[in-house]
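*Asks:* Need coordinates for the below:
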Amino acid sequence: MLMPRRLEIQPFTKIKSFDDDRVPDGIELVLRFTDQFGDPVKAVGHMYFELYTFKNASGERKGDRLEFWDRTIADAKDVRLYWSRTAQMYEFPLAWTQGLPSTTGRKLILTATYRAPWGETLEDEYVLELPSVEPPTGGATTRPG
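*Replies:* Numbers count the residues shown, from 1 in each chain. Purely as a prediction, here's the structure:
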C-alpha cells in the first residue's frame with residue numbers, strides 16, 4: 001500500500017460563488033496527495049484548512065485567521081464525496097462561515113494540514129487573491145426609444 005508523502009494545494013483552487021451569482025461564497029479547494037514516486041494517491045485521515053490575511057513585507061506571511069474548516073475522510077463513502085476520479089485529486093467546497101472576508105481586493109493565505117491515522121502530518125499553503133466585489137445594481141432600466 002502506497003502512503004501519501006506529499007500534500008499540495010493545486011492552482012485550480014479558487015475563490016468561488018457556489019450559487020453562480022457574483023458574490024463569492026467560499027473557496028473551491030483542490031488538493032493532491034502523492035506517493036514516494038510522485039503519483040496521485042488517496043488518503044484517509046483528518047484534514048483541516050485555515051484562511052488567513054496576508055501580511056506584506058514580513059517573515060511570517062500569515063496574519064489574522066479568518067476561517068477554519070475541518071474534514072475527516074474515514075471510509076470509502078467519505079472518499080467518494082470529495083475524490084475526483086478524472087482529476088485524481090480531492091475537491092473541497094469550503095463555504096464562508098464568518099461571511100465574505102472584509103479584505104476585499106487583498107491577498108489571503110489558505111493552509112491545508114493532513115493528519116494521517118498513524119500520526120504523520122503533511123502541510124501546504126497557497127496564496128489567493130480575493131476579488132473586488134461590486135454590489136449588485138438595482139432599480140429600473142429603461143429601453144431606448
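
*Asks:* Show me what the longest strand along the chain is in contact with.
*Replies:* Of all the segments assigned as strand in the chain under DSSP state E, the longest by residue count is strand 62-73. With contacts defined as CB atoms under 8 Å, 6 or more residues apart in numbering, strand 62-73 is touched by 43-55, 78-79, 82, 92, 94, 96-98, 101, 103, 108-109, 111, 125. In short, each C-beta sits where N, CA and C put it, glycine included.

*Asks:* give me the element Cys80 is part of.
*Replies:* In this structure residue 80 is Arg, not Cys. helix 76-82 (DSSP states H and E).

*Asks:* ok, and what's touching that helix?
*Replies:* Among residues not part of helix 76-82, those counted as contacts by CB under 8 Å, 6+ apart are Lys42, Val44, Arg71, Thr72, Ile73, Tyr90, Glu91, Phe92.

*Asks:* please redo it, this time with the cut-off set to 7 Å
*Replies:* Applying CB atoms under 7 Å, 6 or more residues apart in numbering, the set of residues contacting helix 76-82 from outside is Lys42, Thr72, Ile73, Tyr90, Glu91, Phe92.

*Asks:* Just among those residues, which is most surrounded?
*Replies:* Using other CB atoms under 10 Å as the contact criterion, the top neighbour count among these goes to Tyr90, which has 25 neighbours.

*Asks:* confidence score at that residue?
*Replies:* Turning to Tyr90, the model gives it a pLDDT of 97.

*Asks:* Just the buried ones from the contacts of strand 62-73, in PyMOL syntax?
*Replies:* The PyMOL selection below is limited to those of the contacts of strand 62-73 classed as buried (16 or more other CB atoms under 10 Å):
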select buried, resi 43+44+45+47+49+50+51+52+53+54+82+92+94+96+101+103+108+109+111
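
*Asks:* got a list of contacts for the strand or helix carrying Thr111?
*Replies:* In this structure, Thr111 is located in strand 107-115 according to DSSP H and E. Under the contact criterion CB under 7 Å, 6+ apart, strand 107-115 has outside partners 7, 9, 13, 27, 29, 31, 43, 45-54, 61-62, 101, 121-130.
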